[in-house]
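Colleague: Here's my sequence, what's the structure:
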Amino acid sequence: MTDYLADVKKYDAGASAETVDKIVKHLGIALRNRDSSLVSCTDPKELDRVKESWIAKKLGVTDDAKADAAVQAVCKAMAADNTKNRVTFYYLAAKELGKLAAL
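Modeller: The predicted structure follows:
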């Protein structure tokens, strides 16, 4: 848990441990496998999964333009990071959409 929080804090120093913990619990078993614990901004199918399973289902944002903009903003923010941690990616997407309080 602390590793996830430390990674999120590289992008948002004021990140809440409680919020990060909720994302970790949501992702569950996906975090056990290295490949599924990371997000690839160069894989359109991966980004579609993020939009469908996280942004639409969990955050309730069904506007494709907003979802695309949020995903692209997070990809840009994390561009220097070769291993984009899924917890951090999801946190930043929720923050970009103003949905952190809804978690």
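Colleague: what ranges do the strands span in the chain?
Modeller: Using DSSP state E, the strands of the chain run over 38-39, 84-85.
Colleague: Show me what the first one is packed up against.
Modeller: What it means is strand 38-39. Secondary-structure packing of strand 38-39 (3 or more Cβ pairs under 8 Å, 6 or more residues apart in numbering; DSSP states H and E): strand 84-85, helix 86-96. Placement of C-beta: from N, CA and C, glycine included.
Colleague: Show me the residue sitting in the middle of the protein in space.
Modeller: The centroid of the chain falls nearest to Y90 when counting by Cα atoms, centre = their mean (1.2 Å).
Colleague: Now do the buried residues in the helix or strand bottoming out on mean pLDDT in the chain.
Modeller: Scoring the helices and strands of the chain by mean pLDDT, DSSP states H and E places helix 2-9 at the bottom, with a mean of 91. Across helix 2-9, burial judged by 16 or more other Cβ atoms under 10 Å covers Y4, L5, D7, V8.
Colleague: Just the CA trace of it, in CSV.
Modeller: This file holds the C-alpha atoms of helix 2-9, laid out as CSV (Å, rounded to 0.1, in the frame of the first residue of the first chain):
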residue,chain,number,x,y,z
THR,A,2,2.7,2.5,0.9
ASP,A,3,4.4,1.9,-2.5
TYR,A,4,1.2,2.8,-4.3
LEU,A,5,0.8,5.9,-2.1
ALA,A,6,4.4,7.0,-2.7
ASP,A,7,4.0,6.6,-6.5
VAL,A,8,0.7,8.6,-6.5
LYS,A,9,2.4,11.3,-4.4
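Colleague: and the strands of the chain as CSV, adding mean neighbour count and mean pLDDT?
Modeller: Conversion of these to CSV gives the following (neighbours: other Cβ atoms under 10 Å; pLDDT from 0 to 100):
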stretch, mean neighbour count, mean pLDDT
strand 38-39, 20, 96
strand 84-85, 20, 96
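Colleague: Distance to A56 for the ones you listed - can I get that in CSV?
Modeller: Shown next, in CSV, are these (distance: least, Cβ to Cβ, whole Å):
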stretch, distance to A56
strand 38-39, 16
strand 84-85, 20
